[in-house]
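Engineer: Fold the following and give me the result.
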Amino acid sequence: MGGAQGQDARQVRLADAAAQSARPLAPDERRLRGAALNQVRDALNAAFAQRKKAIESDLLAAQLEAERVDVTMPVARREDGLLHPIHQTIDEMIDIFGGMGFGVAEGPDIESQWHNFSALNTPEHHPARTEHDTFYLPRPRADAPEPVLRTQTSGVQIRTLLSNAPPLRVIAPGRTYRADHDATHSPMFHQCEGIVIDRDITLAHLKFCLIAFLRAFFDKPDLPVRFRASYFPFTEPSMEVDIGWSRKTGNIGAGEDWLEVLGAGMVQPRVLANCGVDPEVWQGFAFGMGVERLTMLKYGIPDLRSFYESDLRWLRHYGFSAFETHIPGKGV
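Structural biologist: Take a look at the predicted model:
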């Protein structure tokens, strides 16, 4: 009972205090009461600010202690990413041909037989169309021909001719696929093909373009370049292009030997007609080269298969920095 009576008394006092605070105050009382409350508020704000500053100081001290670094310790070496030699070579090709006014065209890896063969004047009985050389894919429907993994990026040239009116000047670097695998062949590899279509284009334009490219790519202004008659279904006349080199030392530009590096020729009139281009008005030349082959020659890489083995040691040796000039074989 005593406890209950004490609780009741406290409630009565609280009620009286609430009633006193709720009653109207005279102006003088309100002024005094407001000044007192302002002093309390200011004191509380100052106490809060001081406490906040102390807490922040303690947190900063703890963070600095946790992140303390011994500057006398050796720095941990961080491995930087490197550009694959294939990527580097394609960039170099785009840069050199870009200086001659060439644009870059792209196309699908899965091509129709028309784009990959027929439009390029490749007959049905040509060896390149056999399953020994070409990867055929399932038919999209029963009455449709089998699509193929493109065996060359020439299909991109066909698509460019179909979608752009001449004159035009483009290269088409990209992946290609053929059923072959050894030290000098891979089932997936890269090509860079180019085409120029304009009025009054001659063989002299072709020779000048390719000689200028090869000398710039190998950084040899006096690189010997030779053109030999050859045959391709999509060019007439066709030719193989050789560069001077030494069979004994492997040096480019030195010695009495010749090494084939690319194929080229004047665009076959049937190819132009297949793409709706009048061969009586427009002429042009085309060329194609293996990216891996030129990379191996320029940077002394002996085996094509090593390009695709994902060996980080190999990439650190032959890779290129994206930010600085790197000489393969000199380490990173």
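Engineer: When you work out contacts or count neighbours from here on, use the C-alpha atoms and nothing else.
Structural biologist: Will do.
Engineer: shaky segments in the stretch 151-300 of the chain?
Structural biologist: Scanning the stretch 151-300 of the chain with the threshold set as pLDDT under 70 gives 182-184.
Engineer: Mind doing that once more with 90?
Structural biologist: Residue ranges of the stretch 151-300 of the chain with pLDDT under 90: 179-187, 246-256.
Engineer: and if you look at the stretch 1-150 of the chain?
Structural biologist: Applying pLDDT under 90 to the stretch 1-150 of the chain flags the ranges 1-44, 46-47, 61, 63-82, 123-133, 139-145.
Engineer: What segments of it are strands?
Structural biologist: Remark: strands assigned in the stretch 1-150 of the chain by DSSP state E, counting those that start in this stretch are 103-104, 110-111, 148-149.
Engineer: List the backbone torsions phi and psi for Pro279.
Structural biologist: Pro279 adopts backbone torsions of phi -70, psi -10, taken as degrees, to the nearest 10.
Engineer: Count residues in the vicinity of it, would you?
Structural biologist: Counted with other Cα atoms under 10 Å, residues neighbouring Pro279 total 16.
Engineer: What separation do you get for it and Pro166?
Structural biologist: Pro279 sits at a distance of 11 Å from Pro166 (criterion: Cα to Cα, to the nearest Å).
Engineer: just Phe48 next, same as before
Structural biologist: 78 Å.
Engineer: Just the buried residues of stretch 231-248, please?
Structural biologist: Residues 232-245 are the ones in stretch 231-248 that count as buried (16 or more other Cα atoms under 10 Å).
Engineer: residues in contact with Tyr136?
Structural biologist: Taking Cα atoms under 8 Å, 6 or more residues apart in numbering, we find Tyr136 in contact with 146-149.
Engineer: can you pull up the bridge partners for it?
Structural biologist: For Tyr136, the beta-bridge partners are Val148 (DSSP bridges).
Engineer: domain ranges for the chain?
Structural biologist: Following automatic domain parsing, one gets these domains for the chain: 37-66, 106-289.
Engineer: end to end, how far does the longest one reach?
Structural biologist: End-to-end distance of domain 106-289 (Cα to Cα): 16 Å.
Engineer: so where do the helices sit in the stretch 101-250 of the chain?
Structural biologist: Assigned by DSSP state H, counting those that start in this stretch, the stretch 101-250 of the chain shows helices spanning 113-116, 154-163, 203-217.
Engineer: So which other helices or strands are in contact with the second one?
Structural biologist: When contacts are defined as 3 or more Cα pairs under 8 Å, 6 or more residues apart in numbering; DSSP states H and E, helix 154-163 sits against helix 113-116, strand 168-177, strand 188-198.
Engineer: Return the distance of that helix from the chain's centre.
Structural biologist: Here helix 154-163 is found 22 Å from its chain centre; the criterion is Cα atoms, centre = their mean, to the nearest Å.
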